[in-house]
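Peer 1: Only the shape, not the letters, is given here:
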């Protein structure tokens, strides 16, 4: 009788955990479409999905970070233009964030998370710029270098504004999710 009760309570805990995970992800997806005053810098809003991928990947394996990045990239591609894909940049962000945690290069505090989000946003924007450069037809090496330089010039302001705004709003997403996951790990053990 006791085992059945313990099993039922664990099922409820896992169901509640996945409800919180999917709910937070849904909120981040919803925030992508909303432009609220004070959330933007130079017309650029935070990259909420990148923030969520970093928060998810900090305490998980590289495979979990990869899967989260690809899945959220495909969701974002479904909401926007799928060319160039967002899945590649978010997958790289998920893998590198998990790798940073595994090698103990990062502490789990607000400043570290904000710095990780800042760097990963710059990296994600660079990957998007590279994809735009590869979309150029009849691409030779000289044209590729010029196109890449043009893309970086174009994306530089956008990348920096997005990195600043995302890193400022990152702890707002990270803190409640981290507290929830810490609470869940205590309850399931």
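Peer 2: Received, thanks. Please read all numbers here as calculations on a predicted model, not as lab measurements.

Peer 1: Just the pLDDT for the residue nearest the centre of the chain.
Peer 2: The C-alpha lying nearest the average C-alpha coordinate of the chain belongs to residue 50 (Cα atoms, centre = their mean; 2.0 Å). With respect to pLDDT, residue 50 scores 94.

Peer 1: so which helix or strand takes in it?
Peer 2: helix 48-57 (DSSP states H and E).

Peer 1: Show residues contacting that helix.
Peer 2: Contact with helix 48-57 is made by 24-25, 28-29, 31-32, 64-65, 68-69, 72-73, 75-76, 86, 90, 93-95, 97-98, 101, 113, 116-117, 120-121, 124, 166, 169-170, 173-174, 177-178, as judged by Cβ atoms under 8 Å, 6 or more residues apart in numbering. Any C-beta I mention is one placed from the backbone N, CA and C, and that applies to glycine too.

Peer 1: Give the buried residues for that helix.
Peer 2: Judged by neighbour count using 16 or more other Cβ atoms under 10 Å, the buried positions of helix 48-57 are 48, 49, 50, 51, 52, 53, 54, 55, 56, 57.

Peer 1: Among these, which one sits closest to residue 14?
Peer 2: Relative to residue 14, the closest of these is residue 56; by Cβ to Cβ it sits at 16.4 Å.

Peer 1: which SSE is the spatially closest residue to residue 44 that is not a sequence neighbour in?
Peer 2: Closest residue to residue 44 apart from its sequence neighbours, by Cβ to Cβ, 6 or more residues apart in numbering: residue 161 at 4.1 Å. Assigned by DSSP H and E, residue 161 falls within helix 141-188.

Peer 1: what residue ranges in the protein score low on pLDDT?
Peer 2: Low-confidence segments of the chain, defined by pLDDT under 70: 1-8, 102-108, 133, 135-148, 150-151, 186-189.

Peer 1: That'll do, ta.
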